[in-house]
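[1] give me the fold of what follows.
(chains A and B)
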Amino acid sequence: MKKNWNRIVLMLLLIAAFTLTLAGCGSGDKKADAPKDSNKKEQVLNIYSWADYFDPKVLAEFEKANNCRINYDVYSNNEELLAKMQAGGAQFDIIQPSDYMVTTMTKLNMLEKLDHSKMPNIQNLIESLKHPDYDPKQEYAIPYVWGITGIAYNKKYVKDPITSWADLWKPEYKGHVILLNDNREVFSLALKKMGKSNNSTDPKDVEAAFNELKKLNTNVLAYDTENNKQKMIAEEAWIAQMWSGDASFCNFDNPSIEFCVPKEGTLIWADNMAIPKGAKNKELAMKFLNYIYDPQISARNFDYMKLPNANAKAIPLQKKEIVESAILKNASSHADKGEWLHDIGNAITMYDRFWTELKTGK
Amino acid sequence: MKNGKFLIAPSMLWLGFFFVIPMLIVVAVSFAARTPYGQVVFDWNLNNYIRFLEPLYLSIFAQTLLVALVTTVVTILMGYPLAYYIAQLPKRWQQPGLILCMIPFWINFLIRSYAWVIILRAQGVLNTFLLKAGFIDQPLQLLYNEGAVMLGMIYSLLPFMILPIYVSIEQLDRRLLEAASDLGAPPFTAFRKITLPLTMPGVAAGTILVFISSLGMFVVPDVMGGAKSALVGNLIQNQFLSARDWPFGSALSIVLAALSLLLIILYYRAIQAQNGGAENAKNVA
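    Take a look at the predicted model:
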């Protein structure tokens, strides 16, 4: 009997281990649940942001200069950020919601009003980001990284250059296209193809877009937001709906990858710096914002990230090969083709229904 | 007995705080509604459950049940012979055999899924080998389809079938088989009349573990299936994230939990019936 007990215990342990690993992959980072002060004297700045959104050296210098510690945790989409903030318990000093999420958070009264007089460096934004319609006066959020959604393609496989969203429907691309695994992005693609606004809440438009997407489904290899870069670099796919910054990243690794700004128009996005209501270290957070938008610091930070910078005074100080890289330059010059996504309130339920149906369509 | 009660207090408190209360919250939220910005308002209605009955969502449940069923059947067909083989090994080889089945668990599940991607993708290990060896002249599309999802499910859940079956085979009284042989039963008859009925509890335990785990799976369809076909797990995940509809997500979770509970009850019923059956088998032998 004793021996059997050993086996059963072994088995239970196994099951426990399995459920743990399963649970572990669902959420982003466990640490984010409980950022805590281990050392009372030292201040801790809790940043909750996207992955790889800072040069670690730039953060280390701020820690040194201000005798504080930065706790940098990451999420992979805006909804994760919102869910964690709404679930409560977590304390952050700086968060980076994207455009439409700024609207949501402002409406839910979750963001602190920013005192511009204490942060002179935050006023150096590039022209196209000075008055974004989600927060035209930067009362709550300051654009940090921005980009547009376009089409990345590998010219080794795609012989005719891609110029429009409509090109994705071509039968010869069957099974070679990756779309973002994001409801709004994918519908935006179809709505733009039909010449509609990507914020349409008219059920007729959304349904028409759904029917277009159903046709496109035969060309779709996968829906992927997190590993679409790897899929393109490894040449698993020929074509991908992709953010300009990611496309530039792919191009540095695999020069056959080109980027197109679709002629029908597209969406423009920006990830912003914001301070959540009730942040414990508001003063330090403001100091950090002023620091991170300092032209010198910002230039180094963005040279490291190789993403489009929103800070006009920093761009001339950046390395030429990054600012002048064809993809980023192309994206920058087409910023006017982008339409911001808005929070569409209850219409999201309708979008979600079609999105679910798209994923069940045979 | 009475004096021992305080010993269970910590676990009861633990369960109360981290299982019962969260569960009650989920039940409560499932009767709520969402605001335009995704907040939960408690207005006690059944709308979320009514919405679940729409054909769209029922079809996703049906699809999920089908995938779970196929996974379970395949893991039984693969797991039983393997468990039997390990149980027949000399004693000192059994432990290493089991450990080999478990080694994959030492690596995070998500990473193992990506390992499959690296093996199966167009420029992956398998396709490169087949191309170089001249078996194919075009890479095979092995990923991002239903087959890949099934493969991922079976791969990740197979050990849950092997272990309980192994335990039940290991416990089998070999003297019964010797008696059967002495009485002239050919090996297959002995297996069918003795081994199989007496190891059924292990198969049932494995079935319940595999079936219920596969109902909630959402990583495999995302990573290996290319997020193209949604299962219930993905649907629930979407409700809590992009759709910002916690009430509907909660209702779906409750339905899924109720379904699992029903299966467990059926399992216990079956075990009880089986115990009767096992006694019969012993008597026959």
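
[2] please make it C-alpha for all contacts and neighbour counts, starting now.
    OK.

[3] which residue, neighbours along the chain excluded, lies closest to B:Tyr37?
    Closest residue to B:Tyr37 apart from its sequence neighbours, by Cα to Cα, 6 or more residues apart in numbering or on different chains: A:Gly345 at 5.6 Å.

[4] surely that neighbour meets B:Arg34?
    No: with contacts counted by Cα atoms under 8 Å, A:Gly345 stays clear of B:Arg34, the gap being 10.2 Å.

[5] sec struct for the residue nearest to B:Tyr37, please.
    coil (DSSP: H, G, I helix; E, B strand; the rest coil).

[6] okay, now it: neighbour count?
    Per other Cα atoms under 10 Å in any protein chain shown, the neighbour tally for A:Gly345 reads 14.

[7] same thing with the one 5 residues further on?
    Number of residues near A:Met350 (other Cα under 10 Å) recorded here: 16.

[8] where does B:Ala278 land on pLDDT?
    As predicted, B:Ala278 sits at a pLDDT of 57.

[9] could you identify the helix or strand that succeeds the strand ranked longest in chain A?
    Identified as the longest strand of chain A according to DSSP state E is strand A:142-154. Reading on from strand A:142-154 to the C-terminus, the next helix or strand found by DSSP states H and E is strand A:177-179.

[10] which residues touch the residue nearest to B:Tyr37?
    The neighbours of A:Gly345, taking Cα atoms under 8 Å, 6 or more residues apart in numbering or on different chains as the test, are B:Thr35, B:Pro36, B:Tyr37, B:Gly38.

[11] give me phi/psi at the third one?
    Spelled out, it's B:Tyr37. With angles defined as degrees, to the nearest 10, B:Tyr37 sits at phi -100, psi 20.

[12] ok, it - contacts?
    B:Tyr37 makes contacts with A:Thr104, A:Lys107, A:Leu108, A:Gly345, A:Asn346, B:Arg244, as judged by Cα under 8 Å, 6+ apart.

[13] next, count neighbours for the closest residue to chain A within the stretch 151-285 of chain B.
    Residue nearest to chain A within the stretch 151-285 of chain B: B:Gly226 (4.1 Å; Cα to the nearest Cα). Per other Cα under 10 Å, the neighbour tally for B:Gly226 reads 24.

[14] host element of the closest residue to it other than its chain neighbours?
    Nearest residue to B:Gly226 in three dimensions, chain neighbours excluded: A:Ala222, at 4.1 Å (Cα to Cα, 6+ apart). Assigning secondary structure by DSSP H and E places A:Ala222 in strand A:220-223.

[15] equivalent analysis for B:Phe61, please.
    Counting by DSSP H and E, the element that carries B:Phe61 is helix B:55-88.

[16] how about that helix: buried residues?
    The neighbour-count check on helix B:55-88 (16 or more other Cα atoms under 10 Å in any protein chain shown) flags B:56-57, B:59-61, B:63-65, B:67-72, B:75-76, B:79-80, B:82-84, B:86-87 as buried.

[17] for the helix or strand that it is followed by, which helices and strands make contact with it?
    Sequence order places helix B:91-102 as the next helix or strand after helix B:55-88, per DSSP H and E. In terms of contacts (3 or more Cα pairs under 8 Å, 6 or more residues apart in numbering or on different chains; DSSP states H and E), helix B:91-102 is packed against helix B:55-88, helix B:146-171.

[18] and helix B:91-102, what's buried?
    Residues of helix B:91-102 classed as buried: B:Gln94, B:Gly97, B:Leu98, B:Cys101, B:Met102 (neighbour count, 16+ other Cα under 10 Å).

[19] need the residues that contact it.
    With contact meaning Cα under 8 Å, 6+ apart, helix B:91-102 is reached by A:Leu14, B:Ile86, B:Ala87, B:Pro159, B:Leu163.

[20] swap in 7 Å and give it another go.
    B:Ile86, B:Ala87, B:Pro159 (Cα atoms under 7 Å, 6 or more residues apart in numbering or on different chains).

[21] rebuild those residues as TSV, extending it with distance to B:Leu215.
    Shown next, in TSV, are those (distance: Cα to Cα, whole Å):
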residue	distance to B:Leu215
B:Ile86	28
B:Ala87	29
B:Pro159	17
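
[22] just put those residues in JSON lines and tack on pLDDT and distance to chain A.
    Listed next are those as JSON lines, based on pLDDT from 0 to 100; distance: Cα to the nearest Cα, whole Å:
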{"residue": "B:Ile86", "pLDDT": "94", "distance to chain A": "14"}
{"residue": "B:Ala87", "pLDDT": "92", "distance to chain A": "12"}
{"residue": "B:Pro159", "pLDDT": "91", "distance to chain A": "9"}
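
[23] of those residues, which is the nearest to B:Ala133?
    B:Pro159 (32.4 Å; Cα to Cα).

[24] kindly provide the distance from the closest residue to the closest one other than its chain neighbours to chain A.
    Nearest non-adjacent residue to B:Pro159, counting by Cα to Cα, 6+ apart: B:Cys101, 6.2 Å away. To chain A, B:Cys101 is 11 Å away according to Cα to the nearest Cα, to the nearest Å.

[25] swap in B:Val117?
    As for B:Val117, its distance to chain A is 10 Å (criterion: Cα to the nearest Cα).

[26] contacts only, for A:Ile178.
    Here A:Ile178 is in contact with A:Val220, A:Leu221, A:Ala222, A:Tyr223, A:Asp224, A:Ala237, A:Ile239, A:Ala240, A:Gln241 (Cα under 7 Å, 6+ apart).

[27] now it, nearest residue through space, not along the chain?
    The shortest distance from A:Ile178 to any non-neighbouring residue, by Cα to Cα, 6+ apart, is to A:Ala240 (4.5 Å).

[28] cool, B:Ser213 as well?
    B:Leu157 is the one closest to B:Ser213 (Cα to Cα, 6+ apart), at 7.8 Å.

[29] what is the neighbour count of that neighbour?
    Neighbours of B:Leu157 (other Cα under 10 Å): 20.

[30] also A:Gln296?
    A:Gln296: 16 surrounding residues under other Cα under 10 Å.

[31] could you do A:Ile148 as well?
    A:Ile148 has 27 neighbours, counted by other Cα under 10 Å.

[32] how about the residue lying closest to it once chain neighbours are set aside, phi and psi?
    Distance criterion Cα to Cα, 6+ apart; nearest residue to A:Ile148, sequence neighbours excluded, is A:Ile268 at 4.3 Å. The phi and psi torsions at A:Ile268 (degrees, to the nearest 10) take the values phi -110, psi 140.

[33] list the contacts of A:Ile268.
    By Cα under 7 Å, 6+ apart, the contact list for A:Ile268 reads A:Gly147, A:Ile148, A:Thr149, A:Ala335, A:Gly338, A:Glu339, A:Trp340.

[34] A:Thr356 and B:Ser242, how far apart?
    Distance, A:Thr356 to B:Ser242, using Cα to Cα, to the nearest Å: 11 Å.
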